[in-house]
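1. Need a 3D model of the sequence below.
(one chain, ligands or ions: 1)
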Amino acid sequence: MEQGVTLEGKRILLIIGGGIAAYKSLDLIRRLRERGASVRVVLTAAGKQFVTPLSVASLTGNPVHEDLFCLTEETEMGHIELSRSADLLVVAPATADLLAKAAAGIANDLASTILLATDKKVLMAPAMNVRMWDHPATVRNVAQLREDGLLFVGPSDGEMACGEYGPGRMSEPMEILASIAGALQPTSQVLAGRRVIVTSGPTHEPIDPVRYIANRSSGRQGHAIAAAAAQAGAHVTLVTGPVSISDPVGVSVVRVETAKEMLAAVKASLPADIFIGAAAVADWGFEKPAAGKIKKEKGSGPPTLALVENPDILAEVSRPGESRPALVVGFAAETGNLIDHARTKLQRKGCDLIVANDVGPGTGVMGGPKNTVHLISSDQQEAWPLLDKGEVARRLIQRFAGMLGK
Ligand code: CTP
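-> Prediction:
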């Protein structure tokens with residue numbers, strides 16, 4: 001997230017559920033307060049097993065709320081008042097149990113009652129064992145909550161406290177903070193009611209069951225664009241290749257692996273008003289990956305990998321026809337002759353605008369937090385300064401909205 005983001009005067013109501021990730025919520029409180037936010041905490045009974053009310057109270061400078069039926073607490077600040085006096089509710093860690101209760105509208109303790117009684121935005125930062133996250137019940141609950149308008153940050157992939165690996169780790173405090181800042185931002189709804197499809201990240205092209213070809217794209221720029229479009233009121237579908245960053249808040253995410261899968265997912269998501277191809281799609285893949293692991297044969301040397309060209313998603317979406325979005329935007333990742341290559345791509349692919357960026361070694365653009373872009377259309381060329389990828393995304397969305405409105 002951008003340095004120096006201020007949350008001055010913002011009031012956060014943080015619900016800490018019972019999970020090992022609760023320790024990260026203590027750091028989150030600290031970072032929120034550093035940026036000027038005030039934090040009140042509701043600690044669930046399970047949450048109390050992981051962090052103590054004393055550490056929470058010391059960090060927030062406020063009393064901790066634990067009990068729905070505590071007479072003193074209810075008189076001083078009742079459960080309705082707790083939500084009323086907040087700008088945003090954050091649930092971190094959001095356990096499978098809390099998600100299930102919220103999805104079903106169960107209100108049998110202070111945290112779940114607040115979640116049912118609130119009319120404020122709610123940001124969930126889930127954390128649980130990978131099997132619990134993948135369980136059909138949790139998948140259903142998350143889908144329901146998204147439909148109900150709740151926001152999500154994470155979970156991310158990684159090694160878990162239980163020794164397993166996969167999605168289920170709570171996002172890091174800085175990522176949660178970025179989502180909080182995003183959720184609190186006053187949004188000018190320039191894309192209200194519009195449908196936007198964004199592709200992001202790399203694609204993985206399998207060679208055999210254990211190997212693949214990939215590239216260094218992190219998905220940061222594409223994800224930031226999807227988030228900015230959602231904040232501007234659009235209905236956003238993000239089709240993403242394998243990335244390790246969190247899902248943006250308020251978008252529908254379709255995860256794919258290969259270029260072919262990405263094309264199919266994009267086609268299935270059409271129609272749209274705007275298509276933004278920010279993914280670093282692999283140009284080549286394998287027609288038929290080997291069914292078993294390719295083994296070293298003594299004396300026969302390294303295998304020859306026969307590549308075939310992948311479909312060009314941007315070119316296909318740009319093709320004139322009924323399903324062509326009104327605005328089709330491509331990216332050009334180049335390591336030299338940026339403008340010339342971008343112009344050629346604009347013509348070759350038939351899109352309306354190319355966002356060109358220099359990804360050469362030493363620029364730090366691929367995978368890094370910042371970007372310098374050039375906007376190339378048939379009649380214009382514009383250079384933007386070095387900006388945070390979030391800021392690039394917000395400015396791009398403003399620009400696209402303007403182009404759509406013309
Ligand atoms: N793109 C795509 N499908 C592909 C390849 C690229 O949709 N199979 C899109 C990218 O998402 C991006 C734009 O096309 O919006 C340009 O991608 P880039 O990798 O820069 O260009 P290439 O088409 O790969 O051309 P080259 O290899 O010559 O750089």
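2. didn't K345 look like it was pressed against E334?
-> No: using C-beta atoms under 8 Å, K345 is not in contact with E334; the gap is 9.0 Å. Every C-beta, even on glycine, is put in place using the N, C-alpha and C of the backbone.
3. does S300 sit in a helix, a strand or a coil?
-> coil (DSSP: H, G, I helix; E, B strand; the rest coil).
4. so where's the stretch 1-150 of the chain shaky on pLDDT?
-> Residue ranges of the stretch 1-150 of the chain with pLDDT under 70: 1-5, 70-77.
5. ok, 80 please
-> Low-confidence segments of the stretch 1-150 of the chain (pLDDT under 80): 1-5, 68-80, 146-147, 149.
6. All the strands of it, in order from the start?
-> For the stretch 1-150 of the chain, strands defined by DSSP state E, counting those that start in this stretch occupy the ranges 11-16, 38-43, 88-94, 122-126.
7. Report all helices and strands that the second one contacts.
-> With contacts defined as 3 or more C-beta pairs under 8 Å, 6 or more residues apart in numbering; DSSP states H and E, the packing partners of strand 38-43 are strand 11-16, helix 22-34, helix 53-60, helix 110-117.
8. Show me what the first one is in contact with.
-> Under the criterion C-beta atoms under 8 Å, 6 or more residues apart in numbering, residues 22, 25, 28-29, 32, 37-44, 47, 50-51, 56, 82-83, 85-94, 98, 111, 114-115, 120, 180 lie in contact with strand 11-16.
9. three-state assignment of the closest residue to the ligand within the stretch 101-250 of the chain?
-> As assessed by C-beta to the nearest ligand atom, the ligand sits closest to T199 within the stretch 101-250 of the chain, at 5.8 Å. Classification of T199 by three-state DSSP places it in strand.
10. start to end distance for stretch 119-135?
-> Stretch 119-135 has an end-to-end distance of 29 Å (criterion: C-alpha to C-alpha, to the nearest Å).
11. and it, which residues are buried?
-> 120-130, 132-133 (16 or more other C-beta atoms under 10 Å).
12. now, which of those residues lie close to the ligand?
-> Checking the buried residues of stretch 119-135 against the ligand by C-beta under 6 Å from any ligand atom, not one of them is in range.
13. Please work out how many residues are found near the closest residue in space to G193 that isn't next to it in sequence.
-> Leaving aside its chain neighbours, G193 sits nearest to G233 (6.9 Å; criterion: C-beta to C-beta, 6 or more residues apart in numbering). Neighbours of G233 under the rule other C-beta atoms under 10 Å: 17.
14. how close does G233 sit to S188?
-> 9 Å (C-beta to C-beta, to the nearest Å).
15. Near the ligand, which residues of the stretch 101-250 of the chain? Just list them.
-> Residues of the stretch 101-250 of the chain lying near the ligand (C-beta under 6 Å from any ligand atom): T199.
16. Spell out, range by range, the helices that occur in the stretch 101-250 of the chain.
-> 110-117, 130-134, 136-147, 173-184, 220-231 (DSSP state H, counting those that start in this stretch).
17. Could you identify which of those helices is most buried?
-> Most buried of the helices of the stretch 101-250 of the chain, by mean neighbour count (mean count of other C-beta atoms under 10 Å): helix 220-231, with a mean of 28.
18. on contacts alone, who are the packing partners of it?
-> Judged by 3+ C-beta pairs under 8 Å, 6+ apart, the packing partners of helix 220-231 are strand 195-200, strand 235-240, strand 274-277, helix 389-405.
19. quick check: mean pLDDT across the first one?
-> Pointing back at strand 195-200 there. For strand 195-200, mean pLDDT rounds to 98.
20. same thing with the second one?
-> Confidence over strand 235-240 (mean pLDDT, whole number) is 97.
21. quick one: buried residues of it?
-> 235-240.
22. So which bits of whichever helix or strand comes after it are buried?
-> Sequence-wise, the next helix or strand downstream of strand 235-240 (DSSP states H and E) is strand 252-255. If you call a residue buried by 16+ other C-beta under 10 Å, then strand 252-255 has these buried ones: 252-254.
23. Which of those residues sits closest to D388?
-> Ranked by distance to D388 (C-beta to C-beta), the buried residues of strand 252-255 are led by V253 at 22.1 Å.
24. That closest one reaches T240, doesn't it?
-> Yes: using C-beta under 8 Å, V253 is in contact with T240, at 6.3 Å.
25. A383: what's it in contact with?
-> Taking C-beta under 8 Å, 6+ apart, one finds 372, 374 in contact with A383.
26. Distance of it relative to the ligand?
-> Distance of A383 to the ligand, computed by C-beta to the nearest ligand atom, to the nearest Å: 18 Å.
27. So what's the residue count around the closest residue to A22 other than its chain neighbours?
-> Nearest residue to A22, sequence neighbours excluded (C-beta to C-beta, 6+ apart): F50, at 3.9 Å. Using other C-beta under 10 Å, F50 is surrounded by 19 other residues.
28. Contacts only, for F50.
-> 16, 18-20, 22-23.
29. Which of those sits closest to S246?
-> Nearest to S246, judged by C-beta to C-beta, of the contacts of F50 is G19 at 16.6 Å.
30. Could I get the phi/psi values of that closest one?
-> Phi and psi for G19, reported as degrees, to the nearest 10, are phi -160, psi 160.
31. Relative to P173, how far out is the residue lying closest to L150 once chain neighbours are set aside?
-> Of all residues beyond its chain neighbours, the one nearest L150 is V122 (4.7 Å), with distances taken as C-beta to C-beta, 6+ apart. From V122 over to P173 the distance is 18 Å, taken as C-beta to C-beta.
32. got it, and G158?
-> Distance of G158 to P173, given as C-beta to C-beta: 15 Å.
33. rewinding a little: can you check which of the helices and strands packed on helix 220-231 gets nearest to H341?
-> Taking the helices and strands packed on helix 220-231 one by one with C-beta to C-beta, strand 274-277 is closest: 15.4 Å.
34. Can you tell me which of the contacts of F50 has the most neighbours?
-> With neighbours taken as other C-beta under 10 Å, the top of those is I16, carrying 32 neighbours.
35. so that residue bridges to which residues?
-> L43 (DSSP bridges).
36. Please report the distance of it from G158.
-> With distances taken as C-beta to C-beta, I16 is found 21 Å from G158.
37. now do Q49
-> 23 Å.
38. can you give me the end-to-end distance of stretch 100-118?
-> 17 Å.
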